[in-house]
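> Sharing a model prediction with you, sequence too.
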Amino acid sequence: MNIYEEGLSLLRNKKNFVLASIVKSTGSTPRSKGTQMIIREDGSIFSTVGGGKMEASCIEKGVNSIKNKESYIYEFNLDNKDANKSEMVCGGNGEILINYMDCNDNNNLLIMEKATEAIKNHKKGWIVTVLRKNEKEMLFVDDKNNLIGQYSGSELMRNKLENGIERLSIHSDAIDDEKFIVQKVHTMGKAYIFGAGHVSKETAAILDIIEFETIVLDDRCEFANKERFPNSETIVLDSLEEIGDVGIDDDSYILIITRGHLYDYNVLKWALRTDAYYIGMIGSKSKINMTYEKLKKDGFTEEDFKRVHAPIGITLDAKTPGEIAVSIAGELINERGAKERRLEK
């Protein structure tokens, strides 16, 4: 379950909550800009913004926000003294949007529904929060730049939202006494796992723990199903030769863990033509080289192969499916972290 599904579930069950989002971070902070956490009325949480003193303060503010029915920007500062007290090696500062979500406000329900649909259908989307004095509005912008929800503010900003939302930063300056927070709807990474065998089963389970959205694809319904992959979306393909559009974008991680060399070749041939952020393939070096030689005949080059992490995973003395899954998860953690650092610059 991702954070939008959890938020939608709470609203449908008539539970108020706070959606806390890091919208600005400078220096060394436990989590990066874009990280989100749900704070429930009783102080329990879904996901994390980094733990320690900063998160404890965020939870306290979230609970009070629910009581007071208010939304605002919380500025945090982790100087070295505070970082040492909380046993964290952080010394940065930043801002967190404390966004009160009233279960009786149908607009909140609409926004969470649209965000959940965007994730499920592998579409782009943005949540825009507008803060004014004693007032908040929220709207959703879909992949066709349609504005859905409340917005009664400046035409200047409306035009920006309709004609170039991808160019807006996550945290916009105030315009006409309005503060805008533009957040891309995303998960902590979408992992497309091709092949539904033993290694894939263990890999999907671990990736779910570390907050990847997992999609398992195979041409065998007896393998790609909810019984084997309870926390993943499963897609049964007609063939691994003709995959088609499954929603790959630059937030996608493609893991090629099929049952044989020919299937690996077909999936990699397709994957290299996508915008995927990460492509990894299982196999011995000799099998990988054999696949590359075959792909060269299709017009691919050594430059194309530089995109591929093969053999997939960090170096471990891994033998069992579970151990191999740990190795793969380790590499994806590194790659996700590297991407977050680049986005911070």
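Sure thing, it's come through.
> Now do the longest helix belonging to the chain: which elements does it pack against?
Counting by DSSP state H, the longest helix found in the chain is helix 321-344. Counting contacts by 3 or more CB pairs under 8 Å, 6 or more residues apart in numbering; DSSP states H and E, helix 321-344 packs against helix 198-209, strand 252-256, strand 278-281. Where C-beta positions appear, they are placed from N, C-alpha and C, glycine not excepted.
> Parallel or antiparallel, list what pairs with the next helix or strand after the first one.
Just to be clear, that refers to helix 198-209. Next helix or strand after helix 198-209 toward the C-terminus (DSSP states H and E): strand 213-218. Looking at strand 213-218 with DSSP bridges, its partner strands are strand 190-194 (parallel), strand 233-236 (parallel).
> and strand 213-218, average pLDDT?
Averaging pLDDT along strand 213-218 gives 95.
> sorry, back to before: so which of the strands paired with strand 213-218 comes closest to Leu10?
Each of the strands paired with strand 213-218 has some distance to Leu10 by CB to CB; the shortest is strand 233-236, at 21.6 Å.
> Give me the distance from the closest one to the chain's centre.
Relative to its chain's centre, strand 233-236 lies at 19 Å (CA atoms, centre = their mean, to the nearest Å).
> Would you mark the buried spots in that strand?
Within strand 233-236, the residues that qualify as buried by neighbour count (16 or more other CB atoms under 10 Å) are 233-235.
> Give the rounded mean pLDDT of that strand.
pLDDT averaged over strand 233-236 gives 94.
> Can you tell me what sits against it?
Outside strand 233-236, the residues within contact range by CB atoms under 8 Å, 6 or more residues apart in numbering are 120, 196, 213-221, 224-226, 246.
> which of the residues you listed are buried?
The neighbour-count test (16+ other CB under 10 Å) marks 196, 213-219, 224-225, 246 as buried among the contacts of strand 233-236.
> out of the buried residues of strand 233-236, who's nearest Lys319?
Checking these against Lys319 with CB to CB, the nearest one is Thr234 at 26.7 Å.
> any idea how far the closest one is from Ala271?
19 Å (CB to CB, to the nearest Å).
> Can you tell me which of the strands paired with strand 213-218 is nearest to Glu95?
strand 190-194 (26.8 Å).
> quick check, distance from that closest one to the centre of its chain.
The mean C-alpha position of strand 190-194 is separated from the chain mean by 13 Å, CA atoms, centre = their mean.
> again with stretch 233-242
23 Å.
> again with stretch 118-130
11 Å.
> which secondary element of the chain has the worst mean pLDDT?
helix 80-85 (a mean of 50; mean pLDDT, DSSP states H and E).
> Quick check: next helix or strand after it?
strand 93-101.
> Give me the mean pLDDT for that following strand.
Mean pLDDT, strand 93-101: 93.
> What are the buried residues along that strand?
Neighbour-count burial for strand 93-101 [16+ other CB under 10 Å]: 93-101.
> Name the helix or strand for Tyr265, please.
Residue-wise, Tyr265 maps onto helix 261-271 under DSSP H and E.
> do you know how far the residue nearest to Lys124 when sequence neighbours are not counted is from Ala118?
Closest residue to Lys124 apart from its sequence neighbours, by CB to CB, 6 or more residues apart in numbering: Asp143 at 4.3 Å. In this structure, Asp143 lies at 7 Å from Ala118, with CB to CB as the measure.
> So between the two, which is more surrounded?
Legend: neighbour count by other CB atoms under 10 Å for Asp143 and Ala118, higher for Ala118 (21 against 15).
> mind checking how far the more buried one is from Glu213?
12 Å.
> Likewise for Ile45?
Taking CB to CB, one finds Ile45 at 19 Å from Glu213.
> For Val18, give me its contacts.
Residues near Val18 by CB under 8 Å, 6+ apart: 38-39, 62-63, 65-66, 98-101.
> who's Asn93 bridged to?
Thr26, Asn77.
> Return the distance of the spatially closest residue to Arg307 that is not a sequence neighbour relative to Lys319.
Nearest residue to Arg307 in three dimensions, chain neighbours excluded: Ile279, at 5.5 Å (CB to CB, 6+ apart). With distances taken as CB to CB, Ile279 is found 24 Å from Lys319.
> and if you look at Asp298?
Noted for Asp298: a distance of 33 Å to Lys319, by CB to CB.
> now swap in Ile165 and tell me
48 Å.
> Then Lys296?
The value you get for Lys296 to Lys319, if CB to CB is used, is 31 Å.
> now do Ile193
Relative to Lys319, Ile193 is positioned 20 Å away (CB to CB).
> Give me the below-cutoff pLDDT ranges for the protein.
27-30, 79-91, 168-176, 343-345 (pLDDT under 70).
> Tell me the spacing between the residue located most distally from the centre of it and Thr291.
The C-alpha centroid of the chain is most remote from Lys297, which lies 35.8 Å away (CA atoms, centre = their mean). Separation of Lys297 from Thr291 (CB to CB): 11 Å.
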